[in-house]
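[1] the amino acid sequence is not available; the structure is as follows:
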């Protein structure tokens, strides 16, 4: 794949100056207090979906299948992710904050060769040890430059889809190279990626022996840029005047329809009643063009909405990290449940392994906490700390209802919010609570000391060294 301007990427990050701190009681991974039968698990991840861009959050975008999941199970009002997709996907797969293994800064660019640390024992590996079949359909984006980093080498029995972060929905290309695979083999085929991914997920369910528990990770690239949809999907939103918003709406409805097909396949197979279906976005929608993706969308009016929350993807504010999410398991999660307690994506690892009856013995110390009792019984979340991110450029941390956003690059900036009174982060109260600020900054500093160096920054510096300190050229002299 062609080299990307990594130095430019770093400069964009510096210009944004939005850091993300990580936090949550380190290492603890309590089991749910009462065992449940081992469910099949279908974990569906959307890409850059706005908080307010589904029907059950009041959108005019039609998402009847996602809405039915939320109505038939639990709606999460405080489910948190990392501010970028590589970070969240790594957090889900490891149960650990990305600062632990150097993925805390932006994403893995297409031209970069680093990966999620192979020493991390991933969720599909642990579930496979517990007897699960492990299938992945969709976007990986936590290591692509060597086959040793691919899903089939990291615990999945099967993978269909893309290895990197952003592709054309019709040609399946990134930078002129097709990024579309079935297991280790490149696949050249026609079709809209959202429809192809949904159809393949259905095939895997139809072929599965229901006597064995299944973990299916379905990671759509929708509705991430580039904003593209089939003509028949666009026609359903002809009433939307803005073409980008029309396309974005069509992309989300297309994803929702594929989710409906997956649910129908589970029902037809007789698996739905014993399947935990989780749906969430990997981060908030882009509120700034610089965080929308590698393709330039600066001349477009961004079509997404994070509702009342501040900012979006790429920032540590709530709009970038508090995401649309719901889950359903008939007979185990009461219909119409609302969980308004802090849960982080790292929590899914111990929660799912607990339901699977698996062991955490092979994992490194987890940041995740088992949230099953919170989800099903309405108990308080065991999480009193949320680490939004911690990196060279700053950090963000929540302790109870206090949230600190710290931009450490000059000119430095510290903001403190009381999320109980001000969930939309409109009023900085740092001047009124200096002791709280000092305590949270101290915690961020401690996490920074525990962090591994950011692999992206190492990559940028190595690229800069090669270009700036290579063999000197003297055009007026004979180099020999």
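    Received, thanks. As the structure is a prediction and not an experimental result, all values here were calculated from the model.

[2] let me know the pLDDT of residue 165.
    Residue 165 carries a pLDDT value of 89.

[3] my bad, residue 469
    At residue 469, pLDDT is 69.

[4] do the same with residue 21
    35.

[5] repeat for the one 3 residues further on
    Among the per-residue scores, residue 24 shows a pLDDT of 36.

[6] go on, residue 29?
    41.

[7] what of the one 5 residues further on?
    You'll see residue 34 listed with a pLDDT of 44.

[8] so residue 350, which of the three states?
    helix (DSSP: H, G, I helix; E, B strand; the rest coil).

[9] isn't it up against residue 365?
    No: if you go by CB atoms under 8 Å, residue 350 and residue 365 don't touch, sitting 11.3 Å apart. In this view, the C-beta of every residue, glycine as well, is placed from N, C-alpha and C.

[10] which of the two has more neighbours?
    residue 350 (27 against 12; other CB atoms under 10 Å).

[11] for the stretch 301-450 of the chain, just list every one of the strands.
    Secondary structure of the stretch 301-450 of the chain (DSSP state E, counting those that start in this stretch): strands located at 325-328, 337-339, 343-344, 385-391, 394-399, 402-407, 413-418.

[12] residue 347: neighbour count?
    29.

[13] which residues of the stretch 1-150 of the chain fall in helices?
    Along the stretch 1-150 of the chain, counting by DSSP state H, counting those that start in this stretch, helices occupy 6-16, 64-72, 85-94, 123-129.

[14] out of those, which gets nearest to residue 309?
    Ranking the helices of the stretch 1-150 of the chain by their distance to residue 309 (criterion: CB to CB) puts helix 85-94 first, at 16.5 Å.

[15] show me what that closest one is packed against.
    Packed against helix 85-94 by the contact rule (3 or more CB pairs under 8 Å, 6 or more residues apart in numbering; DSSP states H and E) you find strand 40-46, helix 123-129, helix 348-356.

[16] ok, now with 6 Å
    For helix 85-94, there is no helix or strand it packs on, judged by 3 or more CB pairs under 6 Å, 6 or more residues apart in numbering; DSSP states H and E.

[17] and the angle from that helix to helix 348-356?
    Relative orientation of helix 85-94 versus helix 348-356 (axes from the mean of the first three to the mean of the last three CA atoms, to 10 degrees): 30 degrees.

[18] check the offset of helix 85-94 from the chain's centre.
    Chain-centre distance of helix 85-94: 6 Å, with CA atoms, centre = their mean, to the nearest Å.

[19] leaving out chain neighbours, which residue sits closest to residue 118?
    Distances taken as CB to CB, 6 or more residues apart in numbering place residue 148 nearest to residue 118, at 7.1 Å, with adjacent residues excluded.

[20] report how many residues lie close to that neighbour.
    10.

[21] roughly how far apart are the residue positioned nearest the centre of the chain and residue 154?
    In the chain, the C-alpha nearest the mean C-alpha coordinate belongs to residue 282, at 2.5 Å (CA atoms, centre = their mean). The spacing between residue 282 and residue 154, counted by CB to CB, to the nearest Å, is 18 Å.

[22] same check, this time on residue 76
    Relative to residue 154, and taking CB to CB, residue 76 is found at 27 Å.

[23] just list the residues touching residue 363, thanks.
    Going by CB atoms under 6 Å, 6 or more residues apart in numbering, residue 363 touches residue 121.

[24] ok, residue 303 touching residue 247?
    No: Residue 303 sits out of contact with residue 247 when judged by CB atoms under 6 Å, with a separation of 7.3 Å.

[25] between the two, who's got more neighbours?
    residue 303 (25 against 21).

[26] that one and residue 80, how far apart?
    24 Å.

[27] for residue 316, same thing?
    Relative to residue 80, and taking CB to CB, residue 316 is found at 10 Å.
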